[in-house]
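Asks: how does the following fold in three dimensions:
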Amino acid sequence: MAAQTAIRPDTRKLLMTGGVILLVAAIAALLLYTVLGGVTKQGPHNNAGWLALMLVMGAGPTAVLTLVLGLAKLIGDLRGRE
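Replies: Residues are numbered from 1 along each chain as shown. Next comes the predicted model:
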């Protein structure tokens with residue numbers, strides 16, 4: 001008999017959403033330090049740098065919390081199927 005996936009659709013969606021948000025935050029951080037001139041003691045050098053910084057500061061914690069929730073649901077899904 002083939003093994004069924006124990007991940008429910010809502011858990012999969014949480015994990016995918018958290019991963020995408022984390023990827024966006026990582027890309028914004030990479031751009032902030034490479035293309036947009038970096039960050040000094042006084043902050044980024046231009047307006048686009050400030051926008052990227054705000055995106056990283058907002059998307060980073062949101063992604064981590066979404067992934068933690070998704071992982072907790074995954075653990076619950078796996079324990080519930082046994």
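
Asks: point to the residue nearest the middle of the protein.
Replies: For the chain, the residue nearest the mean C-alpha position is Leu22 (2.2 Å; Cα atoms, centre = their mean).

Asks: give me the mean pLDDT for the helix or strand where Ile75 lies.
Replies: Element membership for Ile75 (DSSP states H and E) is helix 47-81. The pLDDT scores in helix 47-81 average 93.

Asks: stretch 24-37 too?
Replies: 94.

Asks: so which helix or strand takes in Ala6?
Replies: Applying DSSP H and E, one finds Ala6 in no helix or strand.

Asks: so how many other residues sit close to it?
Replies: Counted with other Cβ atoms under 10 Å, the neighbours of Ala6 add up to 13. To be clear about C-beta, it is placed using only N, CA and C from the backbone, and glycine gets the same treatment.

Asks: I'd say it and Gly76 touch.
Replies: No. Judged on Cβ atoms under 8 Å, Ala6 makes no contact with Gly76 at a distance of 10.3 Å.

Asks: for Thr62, give its distance to Ile75.
Replies: 21 Å (Cβ to Cβ, to the nearest Å).

Asks: and the two? which has more neighbours close in?
Replies: Between Thr62 and Ile75, counted using other Cβ under 10 Å, the more crowded position is Thr62 (16 against 11).

Asks: skip the chain neighbours and tell me the closest residue to that one.
Replies: Ile21 (5.8 Å; Cβ to Cβ, 6 or more residues apart in numbering).

Asks: that older thread, quick check: buried residues in the helix holding Ile75?
Replies: Buried residues in helix 47-81, counted by 16 or more other Cβ atoms under 10 Å: 49, 52-53, 55-56, 59-60, 62-63, 66-67, 70, 73-74, 77.
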